[in-house]
Structure formats: C-alpha cells, structure tokens
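>>> For reference, the sequence and a predicted model appear below.
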Amino acid sequence: MSGLRCTPISGRDNPHVSENKIDMSGHGWWKKGDCSNNRAKVFNCIYEYFTDHSWRQQACSPTKELKPGGGSSNRTVARIKCRTFQQASWRNHVEVDVIGELDTGEKPMNQAKAACRAQ
C-alpha cells in the first residue's frame, strides 16, 4: 500500500557538558517504532540560545547508518568546545531516516540548561 509511512522513535539525550568538562554534546539514536527495516540514517545537531531570542546551530554529528537501540557504540554525537562556562540553554535535535521505507519527518528535541557558551 503506497503512501503509508512508518514512525520510528527518535532517541536523544539532553544536551550536556561532556565528561571531559570542556565540550558541549548531545547524542542521537533510534528505535523501530512501527517501521519494518532495521537500519536508519541518523544525525543530530545541538543549538545554543542567544539573548536575541534565536537558536543557533553550533554542531552536528556526521550521519551514521545505525541499527535500532542506542548504546554507546550505536549512536551519533554532536560536540563543540565551550568558550566560557556560563549558563546557557541548549537543544539537541535528532533526525532519523529509515532505509528503504517512507517515514515521518519529525525532528524531536530535548532542551536543557548547561554551564557552557560556545560563542
């Protein structure tokens, strides 16, 4: 039945200062949802909030072909060095494109504050 789209579940964490204490990062992964295929192209981007009320893209991960599930070896990472360690709001958006299937185009995000300014 053409025209039907599957809905993958896009996984993402809150944007956060990395364990190295000098980088801001966010991760992306996926779960199958009602999709049949077990591979998807996934990438994520992190955005910083500015006083002019704009969200500016600061870093994106490379696109990776992933199986569903997540875990440290099965996810993408967007990362940028902190210029200062002042509090800022950040968003982590993830995009999932299931290989061989039409899927919905959501770009869900998580938002959090962290002690990092990239610009």
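All right, it came through fine. Numbering: from 1, shown residues only.
>>> Can you tell me which helices and strands the least confident helix or strand in the chain by mean pLDDT packs against?
The helix or strand of the chain with the poorest confidence is strand 9-12; it has a mean of 94 (mean pLDDT, DSSP states H and E). Judged by 3 or more Cβ pairs under 8 Å, 6 or more residues apart in numbering; DSSP states H and E, the packing partners of strand 9-12 are strand 23-31, strand 84-98. Just so you know, the C-beta spots here come from the backbone N, C-alpha and C atoms, and that holds for glycine as well.
>>> And the average pLDDT for the helix or strand just after the shortest one is what?
Just to be clear, that refers to strand 23-31. Of the helices and strands lying after strand 23-31 in sequence (DSSP states H and E), the nearest is strand 40-49. In this model, strand 40-49 carries a mean pLDDT of 97.
>>> try stretch 108-119
For stretch 108-119, the mean per-residue pLDDT is 94.
>>> CA atoms only for that stretch, dumped as PDB, please.
Listed in PDB are the C-alpha atoms of stretch 108-119, where the atom choice follows Å, rounded to 0.1, in the frame of the first residue of the first chain:
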ATOM      1  CA  PRO A 108      12.200  15.900  18.100                       C
ATOM      2  CA  MET A 109      14.400  17.700  20.500                       C
ATOM      3  CA  ASN A 110      15.400  17.800  24.100                       C
ATOM      4  CA  GLN A 111      16.200  21.100  25.800                       C
ATOM      5  CA  ALA A 112      18.400  21.700  28.900                       C
ATOM      6  CA  LYS A 113      20.500  24.400  30.600                       C
ATOM      7  CA  ALA A 114      24.200  23.800  31.000                       C
ATOM      8  CA  ALA A 115      27.300  25.700  32.000                       C
ATOM      9  CA  CYS A 116      28.700  26.200  28.500                       C
ATOM     10  CA  ARG A 117      28.700  29.000  26.000                       C
ATOM     11  CA  ALA A 118      30.200  28.200  22.600                       C
ATOM     12  CA  GLN A 119      30.200  31.700  21.200                       C
END
